[in-house]
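J.: Structure for this input, please:
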Amino acid sequence: MDNAFLGPLLSAFGRSFLSKRNRGKSTGKKNIHRMGFLLVAAWGFFIASIVALIIFIIDFSRGWLNSGGIIAFIAAELVIIFSCLLFYAWYRNAYVEITRSYVLRRTFLRFVEKVEYRRIRDFGYYERTDRDNNFEDGLYIDGPYNDEGYFDEGIELHSNWVNMSYVLGQLAFRIVNERWAEPESDEDQNLIQEYISSGKAREICLEQSGF
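T.: Take a look at the predicted model:
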């Protein structure tokens, strides 16, 4: 449901409603990224329900509605209100949390995916332009292997709804310094921010996938 149903919506609306807001964030010790277009959709359905109610009152006062029209209105109003609540619930439940120690993603169905930087064993980063020549990039990170040879932990991020620059800075720090940055070290964190602001983090991660 997460990718199949809402993936196209994220691609279409995420850039317009969320990217500018999220990309302007600076990661301190904690940073939450939400898909703002879901909140916009919830407000849209709420406004639509109010408009529908006003139209209903006008038509009812003029005697233009019969019993069938009233039942149809009630059914439509319930659908609109339910959609409003659904989109708001998705907005509250789905987010990406980026901290100095880990990345956590919670899906629309409240499934939690979490990877600590120190447990990352593989990653892949890509950049591309879509058919409308809009820039987008994506990142996947994987944790350690389990006994069966598969990754136990993993997260996939997309620029349409999350600012992944800090994660790229962490990966670049690990590649250049051959160790992970200390969360409480101002020196390490300043170096990460330098990698991000200079564009070096993106370049390093593009040139080298994995460790």
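J.: Do you have the helices of the chain handy? List them.
T.: Applying DSSP state H to the chain gives helices spanning 2-14, 20-23, 36-61, 67-93, 165-177, 186-198, 200-207.
J.: can you redo those helices as CSV with distance to Asp132?
T.: Just so you know, the C-beta spots here come from the backbone N, C-alpha and C atoms, and that holds for glycine as well. Output for the helices of the chain, formatted as CSV (distance: least, C-beta to C-beta, whole Å):
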stretch, distance to Asp132
helix 2-14, 10
helix 20-23, 17
helix 36-61, 17
helix 67-93, 25
helix 165-177, 23
helix 186-198, 27
helix 200-207, 22
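J.: Could you tell me the least trusted of these?
T.: Lowest mean pLDDT within the helices of the chain: helix 2-14, at a mean of 44.
J.: picking that back up, just name the most buried of the helices of the chain.
T.: Neighbour counts (mean count of other C-beta atoms under 10 Å) averaged over each of those peak at helix 165-177, with a mean of 22.
J.: what angle do that one and helix 186-198 make?
T.: Angle of helix 165-177 versus helix 186-198, following axes from the mean of the first three to the mean of the last three C-alpha atoms, to 10 degrees, is 110 degrees.
J.: So for the chain, the centremost residue is which one?
T.: Trp161 (3.9 Å; C-alpha atoms, centre = their mean).
J.: His33 is in contact with that one, correct?
T.: Yes. Between Trp161 and His33 there is a contact at 6.8 Å, judged by C-beta atoms under 8 Å.
J.: Next, count neighbours for Val112.
T.: The local packing of Val112 (other C-beta atoms under 10 Å) involves 9 other residues.
J.: where's it relative to Val103, distance?
T.: Look at Val112 and Val103: by C-beta to C-beta, to the nearest Å, they are 11 Å apart.
J.: Likewise for Gly143?
T.: Counting by C-beta to C-beta, the gap from Gly143 to Val103 is 11 Å.
J.: Could you name every residue contacting both of the two?
T.: Val115 (C-beta atoms under 8 Å, 6 or more residues apart in numbering).
J.: So those two - more neighbours on which side?
T.: Each of Gly143 and Val103 has its neighbours counted (other C-beta under 10 Å); Val103 has more, 24 against 19.
J.: List the contacts of Trp43.
T.: Cys84.
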